[in-house]
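S.K.: sharing a sequence plus its predicted fold:
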Amino acid sequence: MTAPAAPIVCIGGFNVDRKLRLLADPLDGSSNPCEAHETPGGVVRNVAENLARLGLPVALIAAVGDDAGGRMLLEQAARVGIATEAVLKLRRQVSDSYTAVLSPDGGLHLGLAAMPLVERLNPWALESSKALRASAALVVADGNLPTDAWPLLLGEAQASGIRLVGVAVSEAKMDRLPESLTGLYLLILNAGELSTVAADPAEAFARLHARGVGCVLVSRGERGLLLSQAARGSREWPAPQVDVVDVTGAGDALAAGVCAALLSHPDDADAAARLGLDLAALTLQTEDSVHPELNPNFLSDR
């Protein structure tokens, strides 16, 4: 795959990920022994790191505080090759964080998101990075963004023709998406997030397409992927079988793989699904939100 001259611009969550893995089944109202693990995180930041490690040019639009967490996030992003010139550095603020409490088998038991700074990414704050988005090969936005950011990004996508990819972050934040989604080329989400649109997947697909979404890609864990396109029916892809170490970050890796494939094969859903599934499977086998050994050979050796 040849890297594009223009960057992939990623907009959204940029936070510290704290993972607390329970050593036994949890006891409510009691102290529970666990193992602790801390890494850079945020849905779109994880997408950006995966893409950067694949050798693709990536720029991040996000917000951090001037605390130790913010300095760690910026330093790590620079090390892996993410451009952070468009990241807002906010004085006297604590950087956003996400704490995942994992069950002993690695599944998510409870997620705690303290994400006030991403709320600052409103249209006024995004104005300073308008030229960066206009020069992008692809724009990827996550569901942490405040509601009023979406009409701006959707309007830019319609005016420029640059493909806009939305990545859902939770069922609770699905209502941040506006009713009109015209301009959204692809929405990536899981089965729970899809169910907030309608209980029946076929009905949910129909509603999202009616709102303007071109493609809807649904991750169903071990059951693989389901894709619906406005002009044709849905299709399925099975997931590779791997030994799961930690589920955190796998969905973000899936999104990154899909976006990487879209750069060279914009109309090949099969290529996007395969690359996304393979990258997610790799990430399931590490405790890190992004596999630390990921590199451009992952693309060339496939």
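M.R.: Ah, there it is.

S.K.: from here on, just use CA atoms for contacts and neighbour counts.
M.R.: Will do.

S.K.: for residue 229, give its distance to residue 259.
M.R.: For residue 229, the distance to residue 259 (C-alpha to C-alpha, to the nearest Å) stands at 16 Å.

S.K.: these two - which one has more neighbours?
M.R.: residue 259 (25 against 19; other C-alpha atoms under 10 Å).

S.K.: ok, now which ones touch the nearest residue to the more buried one once chain neighbours are set aside?
M.R.: Distances taken as C-alpha to C-alpha, 6 or more residues apart in numbering place residue 272 nearest to residue 259, at 7.3 Å, with adjacent residues excluded. Applying C-alpha atoms under 8 Å, 6 or more residues apart in numbering, one finds that residue 272 lies in contact with 257-262, 265.

S.K.: to which secondary structure element is residue 272 assigned?
M.R.: Residue 272 is part of helix 269-283, with elements assigned from DSSP states H and E.

S.K.: pLDDT weak spots in the stretch 201-302 of the chain?
M.R.: By pLDDT under 70, the weakly predicted segments of the stretch 201-302 of the chain are 301-302.

S.K.: quick one, helices of it?
M.R.: Shown for the stretch 201-302 of the chain, the helices assigned by DSSP state H, counting those that start in this stretch span residues 201-210, 250-264, 269-283, 297-300.

S.K.: check which residues of the second one are buried.
M.R.: Using 16 or more other C-alpha atoms under 10 Å as the test for burial, helix 250-264 gives 250-263.

S.K.: how about the nearest residue to residue 40, chain neighbours excluded?
M.R.: When the adjacent residues along the chain are set aside, residue 40 lies closest to residue 16, with 4.8 Å between them (C-alpha to C-alpha, 6+ apart).

S.K.: re the thing from before, dump the helices of the stretch 201-302 of the chain into a markdown table; add distance to residue 192 as well.
M.R.: Putting the helices of the stretch 201-302 of the chain into a markdown table (distance: least, C-alpha to C-alpha, whole Å) gives the following:
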| stretch | distance to residue 192 |
| --- | --- |
| helix 201-210 | 10 |
| helix 250-264 | 13 |
| helix 269-283 | 18 |
| helix 297-300 | 30 |
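
S.K.: residue 150: which of the ones you listed is closest?
M.R.: Nearest to residue 150 among the helices of the stretch 201-302 of the chain is helix 201-210 (15.2 Å), distances taken as C-alpha to C-alpha.
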